[in-house]
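S.K.: need a 3D model of the sequence below.
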Amino acid sequence: MGVKIRKRGGKWYVFVNYHGRRKAKCVGTSRALAEQVRRQLEAKLALGDLGVLQEGENIAFGQYADRWLKQHAELHCKSSTIRGYKGVLERYLRPQWGNVGLDKISRDGVKDLFTKLAARGLSANTLKNALIVLRVILNAAVDDGLIQANPANKMGRFLPAGAAKFEAVALTRDEANNFLEAVRLIAEDQDLLFLTPLRTGMRWGEVAALRWGDIQFGVSEDDQNRFIWVRRNWVDGKFTTPKSKKARRVDLSRQLRRELLNRRDARMLSTYLDGRSGISEELVFPSEAGTPLDHANVYSRYFLPAIERAGLRHFRIHDLRHTFASQLLQDGASLAYVRDQLGHSSISVTVDLYGHLVPSANIAWVDRLDPDTSRQQNATPAQLTANDSSEEWTEVIEEAGGPGRSRTADQRFRKPLLYPTELRGLI
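M.R.: This next block holds a predicted model:
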């Protein structure tokens with residue numbers, strides 16, 4: 001039997017272990033209060049009062065998960081994130097532990113669950129997401145004093161290594177052009193809708209939420225100050241912030257600028273004819289009703305038919321974003337630039353998704369390590385003929401030495417007599 005106190009995350013917890021029955025409770029930031037609670041609990045247990053062990057000990061995982069969704073996820077997370085949490089709970093966690101008490105979930109039980117999930121052929125990304133949801137919920141249970149430790153902590157290394165891992169799919173330039181041409185043949189005015197993510201890497205919800213006032217066209221195509229200000233996202237029928245919860249600036253290519261300008265001029269003309277003053281708050285890609293486009297409708301009406309018409313393999317609308325990143329990296333853009341354009345929270349996310357797309361099979365990189373053998377490297381005055389002029393002598397010296405050349409520009413090394421007598425023999 002034992003009652004102990006322990007500090008975690010700036011708060012003090014009281015842990016009770018009475019003949020295998022455990023209970024944990026957060027008592028605040030005061031150690032003196034924690035000591036007082038510990039003494040009271042020891043006294044009660046010594047008198048046989050086990051009421052302290054009854055409160056909350058039978059809370060099931062499913063019951064606590066519902067509480068966590070309401071008290072945490074719904075207050076701090078976006079609707080799409082909440083939907084993902086609920087999906088993980090319903091598919092993978094509730095069937096295993098829905099009616100199991102929180103204190104009955106063991107580390108071995110977590111390992112067994114993910115071994116079973118991997119046997120079902122789930123991808124490594126799916127398994128990782130499920131583990132993250134489980135770990136976050138159990139961490140909250142620790143903070144609430146319902147369990148002493150989180151059995152899902154540091155479990156990532158136990159995920160099956162052989163599980164399929166997601167890799168971004170990217171189109172080649174020819175495939176992307178063929179796809180856009182197929183869109184034009186199906187619906188002439190819809191190719192710009194797909195050119196935008198191909199040239200900006202914007203997510204579908206960000207494209208659907210784009211307004212004319214978010215675009216900085218610049219004074220000309222040569223103006224470097226041309227970009228799209230990505231400030232909102234259209235998810236689950238409402239506008240919200242981008243996925244990273246912060247706005248970002250995406251550079252506007254010359255081609256996309258021309259296409260958007262043509263669309264804007266046509267839209268402004270119709271707006272003025274209707275007696276309205278401007279379009280800055282209007283959507284760039286509205287539906288026929290003026291509302292944001294529906295993803296499912298665009299997918300079935302334009303996207304899939306264009307893939308079939310172009311004779312391409314199946315891919316997702318989100319893969320247009322991956323194509324943008326891939327082409328940037330293949331053209332030599334830095335990972336930091338790609339990170340900023342895509343709006344990733346850290347460069348590690350960019351590396352994990354697109355690191356394999358960084359050019360690595362170009363033999364020119366190693367060829368640059370070799371010395372330049374195309375010209376004579378050891379030119380010396382002895383190689384000059386009697387007819388050589390003083391100008392030609394200067395040329396040879398400049399080619400043989402100086403920064404970035406094969407020999408130093410330091411005059412002391414060219415003329416050993418400039419050194420003291422005792423050092424000449426060392427040159």
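S.K.: now do residue 310 against residue 340, distance only.
M.R.: Computed as C-beta to C-beta, to the nearest Å, the residue 310 to residue 340 distance reads 31 Å. Backbone N, C-alpha and C define where each C-beta goes, glycine included.
S.K.: centre of the chain to stretch 254-265, how far?
M.R.: Centre-to-centre, stretch 254-265 and its host chain are 29 Å apart (C-alpha atoms, centre = their mean, to the nearest Å).
S.K.: how about the helix or strand where residue 15 lies: buried residues?
M.R.: Secondary-structure assignment from DSSP states H and E places residue 15 in strand 11-18. For strand 11-18, the neighbour count (16 or more other C-beta atoms under 10 Å) marks 12-16 as buried.
S.K.: could I get these as JSON lines with pLDDT?
M.R.: What follows is the buried residues of strand 11-18, written out as JSON lines (pLDDT from 0 to 100):
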{"residue": "12", "pLDDT": "80"}
{"residue": "13", "pLDDT": "78"}
{"residue": "14", "pLDDT": "78"}
{"residue": "15", "pLDDT": "78"}
{"residue": "16", "pLDDT": "76"}
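S.K.: picking up where we left off before, of residue 310 and residue 340, who's got more company?
M.R.: Between residue 310 and residue 340, counted using other C-beta atoms under 10 Å, the more crowded position is residue 310 (19 against 16).
S.K.: pLDDT score for the more buried one?
M.R.: pLDDT recorded at residue 310 is 96.
S.K.: any idea how far residue 353 is from the residue nearest to it when sequence neighbours are not counted?
M.R.: In space, residue 310 comes closest to residue 182 once its chain neighbours are excluded; the distance is 4.0 Å by C-beta to C-beta, 6 or more residues apart in numbering. Residue 182 sits 27 Å away from residue 353, going by C-beta to C-beta.
S.K.: on that earlier part again, for the residue nearest to residue 310, the count of nearby residues, please.
M.R.: Around residue 182 there are 20 residues (other C-beta under 10 Å).
S.K.: residues contacting it?
M.R.: Listed by C-beta atoms under 8 Å, 6 or more residues apart in numbering, the contact set of residue 182 reads 305-307, 309-310.
S.K.: tell me how this protein divides into domains.
M.R.: The domain map for the chain lists 2-54, 61-158, 173-357, 381-426, with the assignment taken from automatic domain parsing.
S.K.: closest to residue 370 out of the ones you listed?
M.R.: Among the domains of the chain, domain 381-426 comes nearest to residue 370, with 12.7 Å by C-beta to C-beta.
S.K.: what pLDDT, on average, does that closest one get?
M.R.: Average pLDDT, domain 381-426: 45.
S.K.: which element is the residue nearest to residue 344 when sequence neighbours are not counted on?
M.R.: Ranked by C-beta to C-beta, 6+ apart and with sequence neighbours excluded, the top spatial neighbour of residue 344 is residue 350, at 5.0 Å. Assigning secondary structure by DSSP H and E places residue 350 in helix 347-354.
S.K.: how about residue 239?
M.R.: Secondary structure (DSSP H and E) places residue 239 in strand 238-240.
S.K.: distance of the closest residue to residue 156 other than its chain neighbours from residue 196?
M.R.: Computed as C-beta to C-beta, 6+ apart, the closest residue to residue 156 that is not its neighbour in sequence is residue 131, at 6.7 Å. Distance from residue 131 to residue 196, counting by C-beta to C-beta: 35 Å.
S.K.: pull the helix or strand with minimum mean pLDDT from the chain.
M.R.: helix 390-400 (a mean of 40; mean pLDDT, DSSP states H and E).
S.K.: helix/strand/coil for residue 369?
M.R.: Three-state call for residue 369 (DSSP: H, G, I helix; E, B strand; the rest coil): coil.
S.K.: what do you get for residue 250?
M.R.: Classified using three-state DSSP, residue 250 is strand.
S.K.: these two touch, right, it and residue 201?
M.R.: Yes. Using C-beta atoms under 8 Å, residue 250 is in contact with residue 201, at 7.0 Å.
S.K.: now do the shared contacts for these two.
M.R.: residue 341.
S.K.: on that earlier part again, nearest to residue 298 among the buried residues of strand 11-18?
M.R.: Closest to residue 298, out of all of those and judged by C-beta to C-beta, is residue 13, at 51.4 Å.
S.K.: I'd like the average pLDDT over stretch 208-217.
M.R.: Mean pLDDT, computed over stretch 208-217, is 96.
S.K.: got the buried residues for that stretch?
M.R.: 208-212, 214-215, 217.
S.K.: okay if I get those as JSON lines plus secondary structure?
M.R.: Shown next, in JSON lines, are the buried residues of stretch 208-217 (three-state DSSP):
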{"residue": "208", "secondary structure": "helix"}
{"residue": "209", "secondary structure": "coil"}
{"residue": "210", "secondary structure": "coil"}
{"residue": "211", "secondary structure": "strand"}
{"residue": "212", "secondary structure": "helix"}
{"residue": "214", "secondary structure": "helix"}
{"residue": "215", "secondary structure": "strand"}
{"residue": "217", "secondary structure": "coil"}
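S.K.: and which of those residues is nearest to residue 274?
M.R.: Nearest to residue 274 among the buried residues of stretch 208-217: residue 212, at 15.3 Å, using C-beta to C-beta.
S.K.: hmm, residue 280 and the closest one touching each other?
M.R.: Yes. The pair residue 212 and residue 280 qualifies as a contact (C-beta under 8 Å) at a distance of 5.4 Å.
S.K.: now the helices for the stretch 51-200 of the chain?
M.R.: With helices called from DSSP state H, counting those that start in this stretch, the stretch 51-200 of the chain shows them at 51-54, 61-68, 74-76, 79-88, 94-97, 107-119, 124-143, 173-186, 191-200.
S.K.: tell me which residues are up against the longest one.
M.R.: Yep, that's helix 124-143 we're talking about. Outside helix 124-143, the residues touching it (C-beta under 8 Å, 6+ apart) are 8-9, 11, 24, 26, 61, 64-65, 68, 72, 84-85, 88-89, 92-93, 102, 105, 110, 114, 117-118, 147-153, 155-156, 159-160, 163-166.
S.K.: so who does residue 114 touch?
M.R.: 127, 130-131, 155, 158-160.
S.K.: no, scratch that, I was asking about residue 145
M.R.: Contacts for residue 145 (C-beta under 8 Å, 6+ apart) come out as 13-14, 23-26.
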